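Participant: when you get a sec, could you give me coordinates for this:
(one chain, ligands or ions: 3)
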Amino acid sequence: MSDPEVVVSAPGKVILFGEHAVVYGRKAIASSLDLRTHLEVHLLPDSTSVTLELPDIHLSKTWQMADLAAARPTDVDLKNPSPPSDQYLAALHRLAGTDADNTDARSLALLAFLYMYTSIHATARRCPAGRFHASSQLPPGAGLGSSAAYCTALAAGLLTMCDVITRQEGKNGADTAWCKDDLEVINSWAFQGERLIHGNPSGIDNSVSTFGGAISFKSGEISAFKSVAQLKILLVNTKVPRSTKVLVQGVRDRYNRLPAIMEPVLNSIEEISCTCEKVLQELGSPTVEIKENTQGKYYQVLEELVDICQCLLNAIGVGHPSLDKVSSITSKHGLHSKLTGAGGGGCALVLLRPDTAADVIDKVTTELRDCGFDVWETAIGARGVSQHS
Ligand SMILES: Nc1ncnc2c1ncn2[C@@H]1O[C@H](COP(=O)(O)OP(=O)(O)OP(=O)(O)O)[C@@H](O)[C@H]1O
Ligand SMILES: C[C@@](O)(CCO)CC(=O)[O-]
Ligand SMILES: [Mg+2]
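Facilitator: Ligands and ions are numbered 1, 2, ... in the order given. I've put the predicted structure just below:
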């Protein structure tokens, strides 16, 4: 088999604080994860078809180029994409073989691909026939930003193929990243893809996947945030399936019914993000003396923030009995956990102190695994979207 024309990858993310509230313009804090989605594009010069292979969701689908070309819109700003019109969206649904109410994994993944392929192809006119193969180390639909990693990798791959952004030539097989302006373009397309999967995303997940590292994010404003990388966390996947789109809509419905109750809850969640930001900045301060004398005090605050945030997320309706189970097991061992991502099942994070004893981590891990959950210690702050040569 020939070498792929383009290979790109994009990381998942973990949200420390601020999920859901960030959709309402409140601050959130998140970091990239060392689990990535890879996209390989193989050109098929003698073919007239485009194939999308998504082994993680057991999907492979082929279209004729002419059918894709017929659906493409006429007015696309490649550097500043906008959401599809109703007519264009209906054409994408016809190509995907789905209807507008479908929220299943396959329909959403197809829609995001078809939107980006046809739109980017529309103006660039250079996306040839090919085989697109995307696979991930991230569990899909578990709160670790699998949809954003998928959309970011698709955007980077398609924009590179069509020369909308500058192709990266790594030396000696090294991975490379794009310049800031090209990353902004990738991020804008990934955000539009996320809109099709999530309905109303804040943009935090695609921003982390694009730029990597740790960020604080508020209303589209991104600030890099170095001191998060020092945190040690365990991730727990309850394996309870859920959809971010459905959960975000559920919070919206509760907000619309009870705005005066929801507003202060969202404000409290934002205060948690702000307090976390301050604590992490102080914890990351180079003054070793301060760190040694007061580290415990800072961790006590972070642990309290984790506990309060988990209660507030339950209050806005995104908890789940499996996540309560994680909290009750971790608290028995003196550890603190909260859901991460959209909730409703999926993943929780457990905050560890630098001096949390290995046998405590072992015991809590065993007990969580006995419940059928996946548990692993993770490195945060991985690099953003990259091209591999
Ligand atoms: N590896 C993959 N292959 C194909 N589609 C994927 C893949 N990963 C994610 N997706 C698409 O993203 C959807 C999951 O997105 P969703 O936003 O619900 O979960 P998430 O992004 O993992 O969690 P969160 O948004 O809470 O971080 C899947 O239903 C599918 O459409
Ligand atoms: C639940 C949410 O806040 C995070 C999902 O990872 C949705 C979003 O910000 O788009
Ligand atoms: Mg998502």
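Participant: going forward, measure contacts between C-alpha atoms and count neighbours the same way
Facilitator: Fine.
Participant: distance of the closest residue to residue 237 other than its chain neighbours from ligand 3?
Facilitator: Using Cα to Cα, 6 or more residues apart in numbering and skipping residues adjacent in sequence, the residue nearest residue 237 is residue 347, 4.3 Å away. Using Cα to the ion, to the nearest Å, we find residue 347 at a distance of 12 Å from ligand 3.
Participant: backbone phi and psi for residue 347, please?
Facilitator: Dihedral pair for residue 347: phi -100, psi 150, per degrees, to the nearest 10.
Participant: buried residues in the helix or strand of the chain with the lowest mean pLDDT?
Facilitator: Ranked by mean pLDDT, DSSP states H and E, the weakest helix or strand in the chain is helix 288-315, scoring a mean of 88. Using 16 or more other Cα atoms under 10 Å as the test for burial, helix 288-315 gives 291, 295, 298-299, 302-303, 305-306, 308-310, 312-314.
Participant: mind giving me the packing neighbours of that helix?
Facilitator: Counting contacts by 3 or more Cα pairs under 8 Å, 6 or more residues apart in numbering; DSSP states H and E, helix 288-315 is packed against helix 259-283, strand 336-339.
Participant: looking at these, which is buried most?
Facilitator: Ranked by mean neighbour count under mean count of other Cα atoms under 10 Å, the helices and strands packed on helix 288-315 are led by strand 336-339, which reaches a mean of 28.
Participant: who does that strand pair up with?
Facilitator: When pairing is defined by DSSP bridges, strand 336-339 lines up against strand 347-352 (antiparallel).
Participant: orientation of the helix or strand following the partner strand relative to strand 347-352 in degrees?
Facilitator: For strand 347-352, the following helix or strand on the C-terminal side (DSSP states H and E) is helix 358-370. Going by axes from the mean of the first three to the mean of the last three Cα atoms, to 10 degrees, helix 358-370 is angled at 170 degrees with respect to strand 347-352.
Participant: quick one: mean pLDDT over helix 358-370.
Facilitator: Mean per-residue pLDDT for helix 358-370: 98.
Participant: now stretch 107-125
Facilitator: Stretch 107-125 carries an average pLDDT of 90.
Participant: repeat for stretch 35-42
Facilitator: For stretch 35-42, mean pLDDT is 97.
Participant: which other residues reach it?
Facilitator: Contacts of stretch 35-42 with the rest of the structure, by Cα atoms under 8 Å, 6 or more residues apart in numbering, involve 2-12, 130-138, 146, 149-150, 153-154, 157.
Participant: can you narrow the residues you listed to ones near ligand 1?
Facilitator: Subset of the contacts of stretch 35-42 in contact with ligand 1: 135, 136, 146, 150, counting by Cα under 6 Å from any ligand atom.
Participant: and the helices in the stretch 1-150 of the chain, which stretches?
Facilitator: Remark: helices assigned in the stretch 1-150 of the chain by DSSP state H, counting those that start in this stretch are 65-71, 86-96, 105-124, 146-161.
Participant: quick one on the thing from earlier: which among the contacts of stretch 35-42 count as buried?
Facilitator: Counted by 16+ other Cα under 10 Å, these give 4, 6-12, 130-136, 138, 146, 149-150, 153-154, 157 as buried.
Participant: before we move on, the earlier item: so which of the contacts of stretch 35-42 sit within strands?
Facilitator: Members of those lying in strands (criterion: DSSP state E): 6-12, 130-136.
Participant: who does the nearest residue to residue 52 once chain neighbours are set aside form a beta bridge with?
Facilitator: In space, residue 52 comes closest to residue 132 once its chain neighbours are excluded; the distance is 4.8 Å by Cα to Cα, 6+ apart. Using DSSP bridges, the bridge partners assigned to residue 132 are residue 41, residue 52.
Participant: could you list the low-confidence segments of this structure?
Facilitator: Counting by pLDDT under 70, the ranges of the chain that qualify are 1, 125, 229, 287-293.
Participant: would you mind naming what in it lies close to ligand 2?
Facilitator: By the rule Cα under 6 Å from any ligand atom, the part of the chain lying against ligand 2 is 19-20, 22-23, 143, 145, 201-205, 248, 341-342.
Participant: mind redoing it with 5 Å?
Facilitator: Residues of the chain lying near ligand 2 by Cα under 5 Å from any ligand atom: 19, 20, 201, 202, 341, 342.
Participant: now the residues you listed as a markdown table including neighbour count and distance to ligand 3?
Facilitator: Output for those, formatted as a markdown table (neighbours: other Cα atoms under 10 Å; distance: Cα to the ion, whole Å):
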| residue | neighbour count | distance to ligand 3 |
| --- | --- | --- |
| 19 | 29 | 11 |
| 20 | 25 | 12 |
| 201 | 23 | 8 |
| 202 | 24 | 10 |
| 341 | 28 | 8 |
| 342 | 26 | 8 |
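Participant: sorry, back to before: as JSON lines, the ones in strands among the contacts of stretch 35-42 with distance to ligand 3 would be great.
Facilitator: Listed next are the ones in strands among the contacts of stretch 35-42 as JSON lines, based on distance: Cα to the ion, whole Å:
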{"residue": "6", "distance to ligand 3": "24"}
{"residue": "7", "distance to ligand 3": "22"}
{"residue": "8", "distance to ligand 3": "19"}
{"residue": "9", "distance to ligand 3": "16"}
{"residue": "10", "distance to ligand 3": "13"}
{"residue": "11", "distance to ligand 3": "12"}
{"residue": "12", "distance to ligand 3": "9"}
{"residue": "130", "distance to ligand 3": "26"}
{"residue": "131", "distance to ligand 3": "24"}
{"residue": "132", "distance to ligand 3": "21"}
{"residue": "133", "distance to ligand 3": "19"}
{"residue": "134", "distance to ligand 3": "16"}
{"residue": "135", "distance to ligand 3": "15"}
{"residue": "136", "distance to ligand 3": "13"}
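Participant: could I get the phi/psi values of the residue nearest the centre of the chain?
Facilitator: Nearest to the mean C-alpha position of the chain, by Cα atoms, centre = their mean, lies residue 145 at 2.2 Å. When read as degrees, to the nearest 10, the backbone of residue 145 gives phi 70, psi 30.
Participant: perfect, that will be all.
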